[in-house]
Structure formats: structure tokens, C-alpha cells
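Peer 1: what follows is a predicted structure for the sequence shown.
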Amino acid sequence: MEESLVVKDLTVSYSNKIAIKNLDISVDSGKLIGIIGPNGSGKSTFVKSVLGLVPKDSGEVQIFGKSIDKIRKNIAYIPQRSNIDWNFPILVKDTVIQGTYPKLGLFSRPKEKEKTRAMEALRKVGMEEFADKQIGELSGGQQQRVFLARSLAQNADIFFMDEPFVGIDIHSEEVIIKILKELRDQGKTLFVIHHDLTKVKDYFDDLILVNGGLVAAGPVSEVFTPDLMEKTFNAPLAVLKNMGGKLS
């Protein structure tokens, strides 16, 4: 199986404080992967450094055997909702059609084909009736579905999503995870920063456990264990169970 992501000796720091240290990992393609860890553990930093959005102190990153600059147009990224300016005056349909931009030429504009693809993506996430709404008028779950539609319009091969299920309604979460699993079944690779331990076994094939570096990575059945979760969260099992985690 082809490796979708290979990271070697990744170290990232902010203001001389190390956020990620000496992280090494390789991940096969065609999987839905959860990135788990406590607040401030470096989950978002890991993803942003992989994508070249924050500088690395050291390390090498390859996606499908290529550097990020050579494959960026095939990568979809959905940041945390709190990092998005929802007051920006843009319509839902225009937000989604932005997903087609990476594969257009430098001075090309979206044509009918791209507009059709954007509407198909909106229909896929159940948001076509909101196409002419300003994105700030939507609920949190609706906004997240629109950004997923933008990624679908991009027709990416690998997806990175930062806390997509935070602050959204149950219906939107069900729509999103259903689509993510369908993408996985189509051979896409998806990385999802996640915090709800109760959903881990239902949602993911593999896990990456992070706390200032790599704690463990592998299939959920092997990694979602009491010992490794205690090590990841620096908390006793009783506390983790109170968080809702049903550990094997």
C-alpha cells in the first residue's frame, strides 16, 4: 500500500518553546485517521507544519512521495471554525467554488464545469438550498458542511481537518462522517483532529496520538488502549472514562 504521509524528525517551536519534538511517522493511504491529544499538545501544529503553514525547526515531510509544494493542489485543508472570519461578505456558492481554484490555471476563472462541480458538492452535503446565503448567516454545522463541500469541489486526494465536529449539530456531524467514510472507501486519505473519545472506534481506522511529539500511531484496535491513552493525556484511566472514552 502506498504511503500517503511520511514525516521524519519533525520539530516545531514557537517563541523558543518546543511544540512538537522529533516526530517520525508514516501513514498508508486510503484511511480515515484521527489525531488525538490533550489541548495544547501540538495537534494543530503538527498538521500546519505538515502543510507548510508554520515553519519547521527541522524535519522532512513527504506526501505521496513528494514535497508539499509539488502536491499542494491535491491537498484539502479545513481549519478550525474559530480561525475563519465568518463576517467576510461571501456567498455559500462562491465559498464552495473556491475549491476549484487550485487546479485552474494561474489566470483562469471558473467556468460552467467548475460551477456545476461546486453545486454537486453542495448537494452532496445537503446545502444546495443555501447557495445564495452569506456564509455568516449559517449555523456552525452548516458552515462546516459548506467547507467540506469546498474540499469536495477541489477533488483532493488527501484531506486535513482541524476539529470539524466541534460546536456543530448532530445531523451535520452524521452527514460529515458519512461523507468522510465514503471518501475513504474511494481511496482518499483523511486526517481529522478530534477530541471526543466516545466516537473514536466508530469513526476512525487509525489513530495518531500526540503530546509534544508522537506517543503512538496505528490501528484503533492497537492504539486506543488504557495505557496509551493515559500516557497521551497524562491522566489516570478514571478521568478518561469520565470523558466518555470506552477503552479496550
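Peer 2: Nice, thanks for sending it over.

Peer 1: how about the helices in the protein?
Peer 2: 43-50, 68-71, 92-97, 112-124, 140-154, 170-185, 200-203, 220-223, 226-233, 237-242 (DSSP state H).

Peer 1: which outside residues touch the second one?
Peer 2: This points to helix 68-71. By Cβ atoms under 8 Å, 6 or more residues apart in numbering, the list of residues contacting helix 68-71 from outside reads Val50, Leu51, Gly52, Val61, Ile63, Phe64, Ile75. Heads up, the C-betas are built off the backbone N, CA and C, glycines and all.

Peer 1: let's see it at 6 Å
Peer 2: Gly52, Ile63 (Cβ atoms under 6 Å, 6 or more residues apart in numbering).

Peer 1: next, the buried residues of it.
Peer 2: Across helix 68-71, burial judged by 16 or more other Cβ atoms under 10 Å covers Ile71.

Peer 1: in PDB, list the C-alpha atoms belonging to that helix.
Peer 2: Only the C-alpha atoms of helix 68-71 are listed here, as PDB (Å, rounded to 0.1, in the frame of the first residue of the first chain):
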ATOM      1  CA  ILE A  68       4.300  19.800  -0.200                       C
ATOM      2  CA  ASP A  69       4.900  22.400  -2.900                       C
ATOM      3  CA  LYS A  70       4.600  19.800  -5.600                       C
ATOM      4  CA  ILE A  71       1.400  18.300  -4.500                       C
END
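
Peer 1: tell me the mean pLDDT over that helix?
Peer 2: Rounded to a whole number, the mean pLDDT of helix 68-71 is 90.

Peer 1: try the fifth one
Peer 2: Confidence over helix 140-154, taken as the mean pLDDT, stands at 93.

Peer 1: in CSV: the helices of the chain, plus distance to Glu3.
Peer 2: Output for those, formatted as CSV (distance: least, Cβ to Cβ, whole Å):
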stretch, distance to Glu3
helix 43-50, 13
helix 68-71, 13
helix 92-97, 30
helix 112-124, 28
helix 140-154, 22
helix 170-185, 16
helix 200-203, 22
helix 220-223, 18
helix 226-233, 22
helix 237-242, 31
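
Peer 1: quick one, which of the ones you listed gets closest to Ile25.
Peer 2: helix 43-50 (9.1 Å; Cβ to Cβ).

Peer 1: pull out the buried residues from the closest one.
Peer 2: Buried, per 16+ other Cβ under 10 Å, within helix 43-50: Lys43, Ser44, Thr45, Phe46, Val47, Lys48, Ser49, Val50.

Peer 1: distance to Val192 added to those, as a markdown table?
Peer 2: Shown next, in a markdown table, are those (distance: Cβ to Cβ, whole Å):
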| residue | distance to Val192 |
| --- | --- |
| Lys43 | 10 |
| Ser44 | 12 |
| Thr45 | 16 |
| Phe46 | 13 |
| Val47 | 10 |
| Lys48 | 15 |
| Ser49 | 17 |
| Val50 | 14 |
